[in-house]
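Visitor: Here is a sequence with its predicted model. Questions after.
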Amino acid sequence: MLAVLITLTPGRRNKFIDCQKAKVRIAVLPIMDVKTRWNSTLELLESAYRLRQFTRKWLQHPKYTDYRPLFTTQDEWTIAKYVMEVLRPFRYWTLWMSKRHTVTLHHVITVYNKMFDHMDGVMRAFARKKTPWKEDLFFAVKLARQKLSKYYAEVTPMMGMLPISAHILNPFRKLRSFRKWDKGMDINSEDKTSYTTQYQQAFLNYVENEYYAKH
């Protein structure tokens, strides 16, 4: 809300920039959330946190005293810092995948696993917390994990053979990821129902039917 109020008119924007003079090399304005950009919420929070001292100074102006109750409290800043820590790995992997100039298909499963590991760690940390905002954060991460699981469910021997094949062909990964899954679920990787066996067999069938048959 404060970002909207500060950027609402040229006069307000100029007042906010004046608050930064002699403090920073380049004065900037707070940014707002963009629903169509994945990382905009994190960027909004980081921007607000960096500019918090200038926002406080802007609110000290007699014209804007009515807006002072909107300023973030110390407890709210603590919550914001936790939320930023939760969101930062997602931005890292999004930018890491989108900015590379080489093939990234063989990294898809690894990135999914990294994101799941991160969310599981957050959920473990907040599982027994009774503070309302910590319970809310736990619930939000839980829903995010369910959403990610929905997409990851497509990476199966029946539906996602391209990323599976690329992952297995990656000399740094091969079948190691699937063995890790089996180990985590206490399943023998040699068992026919194990992830390792299923994905390995699906890969061999895929290569035989789709590659050798056409070449």
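Guide: Sure thing, it's come through.
Visitor: And the contacts of the top helix by length along the chain?
Guide: When secondary structure is assigned using DSSP state H, the longest helix within the chain turns out to be helix 74-98. The contact list for helix 74-98, computed with C-beta atoms under 8 Å, 6 or more residues apart in numbering, reads 38-39, 41-42, 45-46, 48-49, 52, 72, 104, 107, 111, 114-115, 118, 122, 133, 137, 141. C-beta: built from backbone N, CA, C; applies to glycine.
Visitor: Just give me how far it sits from the chain centre.
Guide: On the basis of C-alpha atoms, centre = their mean, to the nearest Å, the separation between the geometric centre of helix 74-98 and that of its chain is 7 Å.
Visitor: What residues sit buried inside it?
Guide: Applying a neighbour-count criterion of 16 or more other C-beta atoms under 10 Å, one finds 79, 80, 82, 83, 86, 87, 89, 90, 91, 93 buried in helix 74-98.
Visitor: quick one: the closest residue to residue 65 other than its chain neighbours and residue 20, what's the gap?
Guide: On the basis of C-beta to C-beta, 6 or more residues apart in numbering, the spatially nearest residue to residue 65 that is not a chain neighbour turns out to be residue 59, at 7.3 Å. Look at residue 59 and residue 20: by C-beta to C-beta, to the nearest Å, they are 14 Å apart.
Visitor: Kindly report the same for residue 160.
Guide: Going from residue 160 to residue 20 by C-beta to C-beta gives 49 Å.
Visitor: picking that back up, are any of the contacts of helix 74-98 buried, and which?
Guide: Restricting the contacts of helix 74-98 to buried positions leaves 39, 41-42, 45-46, 48, 72, 107, 114-115, 118, 122, 137, 141, with burial counted as 16+ other C-beta under 10 Å.
Visitor: Among the residues you listed, which lie within helices?
Guide: Restricting the buried ones among the contacts of helix 74-98 to those inside helices, with DSSP H as the criterion, leaves 41, 42, 45, 46, 48, 114, 115, 118, 122, 137, 141.
Visitor: okay if I get those residues as JSON lines plus distance to residue 4?
Guide: Formatted as JSON lines, those follow (distance: C-beta to C-beta, whole Å):
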{"residue": "41", "distance to residue 4": "15"}
{"residue": "42", "distance to residue 4": "19"}
{"residue": "45", "distance to residue 4": "15"}
{"residue": "46", "distance to residue 4": "18"}
{"residue": "48", "distance to residue 4": "12"}
{"residue": "114", "distance to residue 4": "35"}
{"residue": "115", "distance to residue 4": "31"}
{"residue": "118", "distance to residue 4": "31"}
{"residue": "122", "distance to residue 4": "30"}
{"residue": "137", "distance to residue 4": "25"}
{"residue": "141", "distance to residue 4": "27"}
